[in-house]
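> here are the coordinates; sequence isn't available:
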């Protein structure tokens, strides 16, 4: 079946610009997670949604970062006034639930963001 | 604060050998420990995971060993193959569906 998809696969933007990154989770998955992976490092948690609401946004680095999931499916990560330090691969993951046997997180291929 | 420490950073193993990657965690509230495999340009893929109520879990050539008292767990890849060459990440979370805290990764190269 279809896995987690993310668009665009690559995004190059200038410092100070606004960007939106999209995640389509696996159909039926209620939980959705955003992580950021810098070169040569492990993914770092940003935010996760259970349904439409943000269950934990403690990983967002500052108020330039915001994410939404208005209908409980697709999510958009929004970054305002981008900085060169925002350059990284942004990963999205989804899981069927956050409890019981179906909590495994499945990752998409990521969006590589480069801020010039 | 790095809550999950992974070693080694890189590992070279001959085909057919055993690859061993170690992780140590600090947060005793962690109760779910997955391992992910990542190929260049791809997202991490779940390999195998363990809960602290068991000391070992095996799936095919992959085995997790877990030592709760030492707060350590490891991944063993038996009969390593060149196709296993990838970056491996350990992770941990509190209440399985919660956010994952990842280790720094181990780049494994299996030589033919």
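On my side now, so go ahead. This structure is a prediction, so every number in the text was calculated from the model and none was measured.

> residue B:42 - that's part of a helix, no?
No. Assessed with DSSP: H, G, I helix; E, B strand; the rest coil, residue B:42 is coil; it does not lie in a helix.

> count the neighbours of the residue lying closest to it once chain neighbours are set aside for me.
The shortest distance from residue B:42 to any non-neighbouring residue, by CB to CB, 6 or more residues apart in numbering or on different chains, is to residue A:109 (5.7 Å). For every residue, glycine as well, the C-beta is placed using N, CA and C. Neighbourhood size, residue A:109 [other CB atoms under 10 Å in any protein chain shown]: 17.

> isn't residue A:109 right up against residue B:43?
Yes. Residue A:109 lies in contact with residue B:43 (CB atoms under 8 Å); the separation is 4.9 Å.

> got the buried residues for the helix or strand of chain A with the lowest mean pLDDT?
Across the helices and strands of chain A, mean confidence by mean pLDDT, DSSP states H and E is lowest for strand A:53-56: a mean of 88. Residues of strand A:53-56 classed as buried: A:54, A:55 (neighbour count, 16 or more other CB atoms under 10 Å in any protein chain shown).

> residue B:37 contacts residue B:47, correct?
Yes. Contact criterion CB under 8 Å: residue B:37 and residue B:47 qualify, at 5.0 Å.

> between the two, which contacts overlap?
Common neighbours of residue B:37 and residue B:47, counting by CB atoms under 8 Å, 6 or more residues apart in numbering or on different chains, are residue B:88.
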